[in-house]
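Asks: Turn this into a structure:
(3 chains)
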Amino acid sequence: MLKNYVSKKAIIHETVRLEGNNLVLGKSEIGEGTYIGFNTIIGYPSKRSFSSLGVMPEDLSVLDELSSGAKISSACLIRSGSVIYEDVVIGKRLVTGHNVLIREGSRIGENCLIGTGSMLDGSVSIGNNVKIQSGVYLPHGTVVGENVFIGPYACITNDRYPASGRLTPVVIGNGCVIGANSTLISGVHIGDNSVVAAGSVVTKDVSPNTVVLGVPARAYMTREEYEIRKKRYERNNP
Amino acid sequence: MLKNYVSKKAIIHETVRLEGNNLVLGKSEIGEGTYIGFNTIIGYPSKRSFSSLGVMPEDLSVLDELSSGAKISSACLIRSGSVIYEDVVIGKRLVTGHNVLIREGSRIGENCLIGTGSMLDGSVSIGNNVKIQSGVYLPHGTVVGENVFIGPYACITNDRYPASGRLTPVVIGNGCVIGANSTLISGVHIGDNSVVAAGSVVTKDVSPNTVVLGVPARAYMTREEYEIRKKRYERNNP
Amino acid sequence: MLKNYVSKKAIIHETVRLEGNNLVLGKSEIGEGTYIGFNTIIGYPSKRSFSSLGVMPEDLSVLDELSSGAKISSACLIRSGSVIYEDVVIGKRLVTGHNVLIREGSRIGENCLIGTGSMLDGSVSIGNNVKIQSGVYLPHGTVVGENVFIGPYACITNDRYPASGRLTPVVIGNGCVIGANSTLISGVHIGDNSVVAAGSVVTKDVSPNTVVLGVPARAYMTREEYEIRKKRYERNNP
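Replies: Down below sits the predicted model:
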């Protein structure tokens, strides 16, 4: 195994595997059977922690001292190149792609998936059973409910008049589907079980059980109609 | 040179260079004159291979055992941070940017380019002479013909009603141009020599030799007209 | 500290910190108090330098010999996984996210920020006090003025009829705001203090002090009106 740096303060279950070139900093906790890919960093100190020092950390032992650690539950698979900051709590069975970023303060439920290159770029809250595809951007403050699907390159924002002094995060309800390469404008609430079609730009709140589409996104059909079409589509499976 | 892990089963031409911190797993084959950048992984086992084990691999020797390897032809340049899974076959002279992902089962022809951060996120088929710019997303099943150009952040999808139980991949014909930040909805066929303008959302099949544009994309001109405009544009080159 | 490769030609201030697994190539210069994250490469040789060799570099000492180095000023924070090519000049106090790409010939002013995964994918010019969020794509030749804000996944292009033999870069004036996931078509000039709304596709030049919106983007209000709305929005901050 290639060299790792693992904090003496870290609490790592004996079944945890580190693939190599890993940094595990601060009082990080990693649960049973979790696998940490190559070049992954766990418990990286936030900018605030860096700044508290007054000077740049002299070596990994100082970074280690600064870090309050991250908690990763059991049976997770964190693929190579990912960076998980301090003060992150991750539920059981998270599977990530490569080069995923999860910044300080984020909370992730159980049974989630986060695809390659996706970014939780601040303190983000994710419920259970959420599937986030590749390249998704979730800024500071974003709230995602349970059983949500977010397509690749969906881009969520948190400032309606950038660069202002106010952040108004997006809230995505339970059971939602957020289409690929869609853009959700700061502050919009996506009601439970609603669907945003791929490529849409959502500028206003979306009522529950509603499929929206276009630029700007407008109501197109109900979730019930979507489910009927989905079943028809699935039946055509050759 | 920084340390590498290279499988004893790997067949690596004596002229191959590994920049450092590389993993080469399983019976990978790397051809004459190919250059593998820093922190790159070749022959990474798929999720299925992982699962077959029942437990997480204990160290790199187990990963190595699991991997069926990747085949990379001669004269390729794979830049740093890239991850190439097992059961991938890559033709001669591929040049990649950094942090490229190529997942299991993908097939790439000769003389291709894949830009930084682009993802072949499943089994993807790419013909010869294809230029894929940076940040492009190609999901499982996508088929790309020959002599295709795909602009940065083009986002291809493969499920029309996510998250359904059916995947209907996109097929991109020979000679196509797919514009930057465009979105191609699951199942659409882009006819040979057609052009999708940047920022478009393609919801229906596109006939051959057609330029489409907008949200949703509609026919705008012929490829012949596009070529006339292109030549005029090139002549204005100061 | 994990191992680094640092060129003997590099001029590195004694207060510079290298987090580990770093490559610093050629006559790179790194100023006082600058911090270089894990797995970061400084001074990577361009394709042209590679080609000049005729064969692939045999080891890091050859890469080092090829590289003309990068200049990074004082008090910068370059986070892990970033790649900075040779012939790049970076002003004081740049802060980057992770996995940032800055290619050869780029020039970056003082007090800038470049978010995770953003790419300066060629020779790009950035003024002072520019905040580039995550996942932004800036191709060869792009010019960005001072005090500019660019939202996540904004995608700039440089070829109006790809793949042509002519590049016409985008020019973004001073004080502009470029919204998240917007697409700027090759050759457009965004006038000083103008705003491109999130998700827009800009196909024509934008006059100064103008807010544009939609696909294709059209004038929607003045920058003055935007600032009035912004102040109202900020006042509603709970």
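Asks: Ramachandran coordinates for A:Glu65?
Replies: Backbone torsions of A:Glu65, given as degrees, to the nearest 10, read phi -70, psi -40.
Asks: Local confidence estimate at it?
Replies: If you check A:Glu65, the pLDDT there is 94.
Asks: Same check on A:Asn237?
Replies: 66.
Asks: Longest helix of chain A, counting residues only.
Replies: Ranked by residue count and defined by DSSP state H, the top helix of chain A is helix A:223-235.
Asks: List the buried residues in that one.
Replies: Residues A:Arg223, A:Tyr226, A:Lys230, A:Tyr233 are the ones in helix A:223-235 that count as buried (16 or more other CB atoms under 10 Å in any protein chain shown). To be clear about C-beta, it is placed using only N, CA and C from the backbone, and glycine gets the same treatment.
Asks: Briefly note if it comes near chain B.
Replies: Yes - Helix A:223-235 reaches chain B (CB under 8 Å from any CB of the partner chain) through A:Tyr226, A:Arg229, A:Lys230, A:Tyr233, A:Glu234.
Asks: and which of those is nearest to chain C?
Replies: A:Tyr226 (22.1 Å; CB to the nearest CB).
Asks: Without its sequence neighbours, what residue ends up closest to that closest one?
Replies: Spatial nearest neighbour of A:Tyr226, chain neighbours left out: A:Val211 (5.1 Å); criterion: CB to CB, 6 or more residues apart in numbering or on different chains.
Asks: Kindly indicate whether that neighbour is helix, strand or coil.
Replies: strand (DSSP: H, G, I helix; E, B strand; the rest coil).
Asks: residue contacts, it?
Replies: A:Ser194, A:Val195, A:Ala197, A:Ala219, A:Tyr220, A:Met221, A:Thr222, A:Arg223, A:Glu225, A:Tyr226 (CB atoms under 8 Å, 6 or more residues apart in numbering or on different chains).
Asks: is it true that A:Val177 touches A:Gly145?
Replies: No - assessed by CB atoms under 8 Å, A:Val177 is found out of contact with A:Gly145, at 11.8 Å.
Asks: Only the buried members of the contacts of A:Val211: can you turn that into a ChimeraX selection?
Replies: In ChimeraX, a selection of the buried entries from those looks like this (16+ other CB under 10 Å):
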select /A:194,195,197,222,223,226
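Asks: now, among the contacts of A:Val211, which is nearest to chain B?
Replies: A:Tyr226 (6.6 Å).
Asks: how close does the closest one sit to B:Val83?
Replies: 35 Å (CB to CB, to the nearest Å).
Asks: again with A:Pro57
Replies: With CB to CB as the criterion, A:Pro57 and B:Val83 are 29 Å apart.
Asks: circling back: between A:Val177 and A:Gly145, who's got more neighbours?
Replies: A:Val177 (26 against 21; other CB atoms under 10 Å in any protein chain shown).
Asks: Spit out the contact partners of that one.
Replies: A:Val148, A:Phe149, A:Gly151, A:Ser194, A:Val195, A:Val196, B:Pro162, B:Ala163.
Asks: what's the pLDDT at it?
Replies: So, for A:Val177, pLDDT stands at 98.
Asks: Check A:Ser80 too.
Replies: 98.
Asks: can I assume it is in contact with B:Ile84?
Replies: No - contact criterion CB under 8 Å: A:Ser80 and B:Ile84 do not qualify, at 11.8 Å.
Asks: Look at these two and report which has more neighbours.
Replies: B:Ile84 (28 against 25).
Asks: Surely that one is within a helix?
Replies: No - assigned with three-state DSSP, B:Ile84 falls outside any helix and is strand.
Asks: Kindly state the beta-bridge partners for it.
Replies: B:Ile42, B:Ile102 (DSSP bridges).
Asks: Now do it against B:Ile108, distance only.
Replies: 10 Å.
Asks: Return every residue with contacts to both of these two.
Replies: B:Ile90, B:Ile102.
Asks: For the helix or strand of chain A at the bottom of the mean pLDDT ranking, name the packing helices and strands.
Replies: One helix or strand of chain A scores below all others by mean pLDDT, DSSP states H and E: helix A:47-52, with a mean of 88. The helices and strands touching helix A:47-52, judged by 3 or more CB pairs under 8 Å, 6 or more residues apart in numbering or on different chains; DSSP states H and E, are helix A:60-66.
Asks: which residues touch the helix it packs on?
Replies: Outside helix A:60-66, the residues touching it (CB under 8 Å, 6+ apart) are A:5, A:7, A:9, A:23, A:25-26, A:44-45, A:49-50, A:52-53, A:57, C:1-2, C:19-20.
Asks: can you check stretch A:83-93 too?
Replies: Residues contacting stretch A:83-93 (CB under 8 Å, 6+ apart): A:25-26, A:31, A:40-46, A:49, A:67-76, A:78, A:100-112, A:128, C:80-81, C:98.
Asks: Go through it and flag the buried ones.
Replies: A:Val83, A:Ile84, A:Tyr85, A:Glu86, A:Asp87, A:Val88, A:Ile90, A:Gly91, A:Lys92, A:Arg93.
Asks: May I have that stretch as CSV, with CA atoms only?
Replies: Taking C-alpha atoms only, stretch A:83-93 is exported to CSV below (Å, rounded to 0.1, in the frame of the first residue of the first chain):
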residue,chain,number,x,y,z
VAL,A,83,-12.0,15.7,-0.5
ILE,A,84,-14.2,15.6,2.6
TYR,A,85,-13.8,18.6,4.9
GLU,A,86,-13.9,18.7,8.7
ASP,A,87,-17.3,18.8,10.4
VAL,A,88,-19.0,16.6,7.8
VAL,A,89,-21.4,13.8,8.9
ILE,A,90,-22.1,11.1,6.4
GLY,A,91,-24.7,8.3,6.9
LYS,A,92,-24.3,4.6,6.1
ARG,A,93,-23.7,3.2,2.6
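Asks: from the chain's centre, how far out does it sit?
Replies: Centroid separation for stretch A:83-93 versus its chain: 10 Å, with CA atoms, centre = their mean, to the nearest Å.
Asks: For that stretch, give the mean pLDDT please.
Replies: The pLDDT scores in stretch A:83-93 average 98.
Asks: for stretch A:104-111, same thing?
Replies: 98.
Asks: Also stretch A:144-152?
Replies: 98.
Asks: how about that stretch, does it get close to chain C?
Replies: No - against chain C, stretch A:144-152 shows no contacts by CB under 8 Å from any CB, the least distance being 11.4 Å.
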